[in-house]
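**Student:** any chance you can model this:
(one chain, ligands or ions: 1)
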Amino acid sequence: MKQKLLRILTLLAAFAMVAAACGSDSGGDATDDSSSSDTASTDEGSTDEGSTDEGSTDEGSTDEGDGDAMAAGEVEVFSWWTGGGEAAGLDAMIGVFAETDPDIEFVNSAVAGGAGTNARAVLASRLQAGDPPDSWQGHAGQELIGTYVAADQIEALNFLYDEEGWLEVMPETLIPLISKDGDIYSVPVNIHRSNVLWANPTVLADAGIEIPDTLDGFIAAMETLKSGGMDAPLAMGEQWTSLHLFETIMLASMGPDDWNGLWDGSVAWDSAAVTKGLEDYATVLSYTNADASTLSWQDAGQLVLDGHSAFNIMGDWAEGFYRELGMEPQVDFTWAAVPGTEGTFQFLSDSFVLAKDAPHRDAAIAWLRVAGSNQGQDAFNPVKGSIPARNDADRSLYGEYLLSAMDDWASNTVVGSLTHGVVANDSWKSEIDTAVGLFLVDGNVEGLQTGLAAAAAANS
Ligand code: GAL
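**Tutor:** Here you go, the predicted model:
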């Protein structure tokens, strides 16, 4: 930290000297130049899915002396959108920002790893060290309120909502999830759906299977595929994707009211309904691939495209990923609500926050204005595989899947995602994750239920 501070001070002093030598007018031009070259270099980093150390993007900009020298004209934005449709969506929004704020350099500090598993660890240590990015991606709901707001790490944004008229265009259901005591703490850029079943239409047609719409039908379809020689009818990836599967199967088994009850305390974690849900989860898991822990969510999605598996349960960022690969809806892939959850939209929302004491507060506010704008959201979401948080999207920009998601969002029963921050704060979620991780190894339903009940008792 000290070293970094020293370095920044040295660079600032050097910049002051250069600025004095060049005269004040040269600043704008220099910012423009460094902005375009840095954007190109961060773009490369951001599409490099293999890289796990996207901190290098951050380091890259620190190493390039003139990036830091232009401190007043830059904004550091932190996310985990480094691959597939995710990076492409972010790039599209950065493109809008480059038009609205050409003098601000966008420093893309994305850290690779689905669902932010790596990124959030990096973010946590930066926050602890008092070295926050200006703005970061955080999920609406308990992740935001029970983690960053609770720790006093972000600024309230009511002034921006007033200035931009966002209360008129953001869903009423979302505002309470990003607010505490009347203060609004983030700018939602999208709505994602977590309870989506992705399927390979050719594999299903060849096996004479219709997309199942009940949990029993799903298990029967997977049994048919398995006895027909398919090793793993359901593709799964690393651990967070099994937590993702957990939340959707629990929803299918318990229904939306009981799912909600788990989080407001009205349904006990040691109840029979939970036991049944966990047994269903265990059954569904028995149809997944043995190498799941070594695969990313994209790898698991690819198994479906390749026909190695018939199904994958994943959020609708999978749609952005498939389209980015050039896959055609209804030909290369198809979708439905996770069997047993038709009529329920299990949602999450990516939102951007403003760090308390943000190093580049004005630039961060300029970024947030774009993130909350119609133009920014309509550039980002059609590529990302999500629908805009705003309710005034231009529907003509969205493909078949996303149009169906917009309609479902408007008409379904809406419940929150666990894996992606809505229903539980970080501490509760991490205890659930530990219990599920143990279960993946020992398969002990009773042990899992005990662990989940203990997690609830400690956190709710
Ligand atoms: C979620 C995030 C999505 C997508 C997904 C996979 O947590 O909200 O936008 O990035 O992880 O990485």
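**Student:** flag every residue of the stretch 351-460 of the chain that's near the ligand.
**Tutor:** With C-beta under 6 Å from any ligand atom as the criterion, the stretch 351-460 of the chain meets the ligand at residues residue 420. Glycine gets a C-beta too; all of them are placed from N, C-alpha and C.
**Student:** in the stretch 351-460 of the chain, which residue sits closest to the ligand?
**Tutor:** residue 420 (4.1 Å; C-beta to the nearest ligand atom).
**Student:** give the contact list for that residue.
**Tutor:** 115, 139, 143, 192, 194, 244, 315, 348 (C-beta atoms under 8 Å, 6 or more residues apart in numbering).
**Student:** which one of those is nearest the ligand?
**Tutor:** Nearest member of the contacts of residue 420 to the ligand, counting by C-beta to the nearest ligand atom, is residue 115, at 4.0 Å.
**Student:** and the closest one, how many residues sit next to it?
**Tutor:** Residue crowding around residue 115 was assessed by other C-beta atoms under 10 Å; the count is 23.
**Student:** for it, which three-state class applies?
**Tutor:** helix (DSSP: H, G, I helix; E, B strand; the rest coil).
**Student:** does it touch residue 240 like I think?
**Tutor:** Yes - using C-beta atoms under 8 Å, residue 115 makes contact with residue 240 at a distance of 4.5 Å.
**Student:** let's see the one helix or strand residue 282 maps to as CSV, backbone CA atoms only.
**Tutor:** For residue 282, the host element (DSSP states H and E) is helix 272-285. Output in CSV follows, covering the C-alpha atoms of helix 272-285 (Å, rounded to 0.1, in the frame of the first residue of the first chain):
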residue,chain,number,x,y,z
ALA,A,272,-39.8,-31.9,5.8
ALA,A,273,-40.1,-29.6,2.8
VAL,A,274,-36.4,-28.9,2.9
THR,A,275,-35.6,-32.6,3.3
LYS,A,276,-37.6,-33.3,0.2
GLY,A,277,-35.8,-30.5,-1.7
LEU,A,278,-32.4,-31.8,-0.7
GLU,A,279,-33.3,-35.4,-1.7
ASP,A,280,-34.5,-34.0,-5.1
TYR,A,281,-31.2,-32.1,-5.4
ALA,A,282,-29.2,-35.3,-4.6
THR,A,283,-31.2,-37.1,-7.3
VAL,A,284,-30.6,-34.4,-9.9
LEU,A,285,-26.9,-34.3,-9.0
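**Student:** what helices and strands are in contact with it?
**Tutor:** The contact analysis (3 or more C-beta pairs under 8 Å, 6 or more residues apart in numbering; DSSP states H and E) places helix 272-285 against helix 215-227, helix 239-254, helix 445-459.
**Student:** could you dump the ones you listed into JSON lines with distance to residue 79, mean pLDDT and mean neighbour count added?
**Tutor:** Output for those, formatted as JSON lines (distance: least, C-beta to C-beta, whole Å; pLDDT from 0 to 100; neighbours: other C-beta atoms under 10 Å):
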{"stretch": "helix 215-227", "distance to residue 79": "33", "mean pLDDT": "98", "mean neighbour count": "17"}
{"stretch": "helix 239-254", "distance to residue 79": "16", "mean pLDDT": "98", "mean neighbour count": "24"}
{"stretch": "helix 445-459", "distance to residue 79": "26", "mean pLDDT": "98", "mean neighbour count": "16"}
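**Student:** I'd like the ones you listed laid out as CSV, including distance to residue 287.
**Tutor:** Output for the helices and strands packed on helix 272-285, formatted as CSV (distance: least, C-beta to C-beta, whole Å):
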stretch, distance to residue 287
helix 215-227, 4
helix 239-254, 11
helix 445-459, 17
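**Student:** nearest to residue 122, of the ones you listed?
**Tutor:** helix 239-254 (15.6 Å; C-beta to C-beta).
**Student:** name the helices or strands packed onto that closest one?
**Tutor:** helix 215-227, helix 256-264, helix 272-285, strand 311-313, strand 344-348, helix 426-442.
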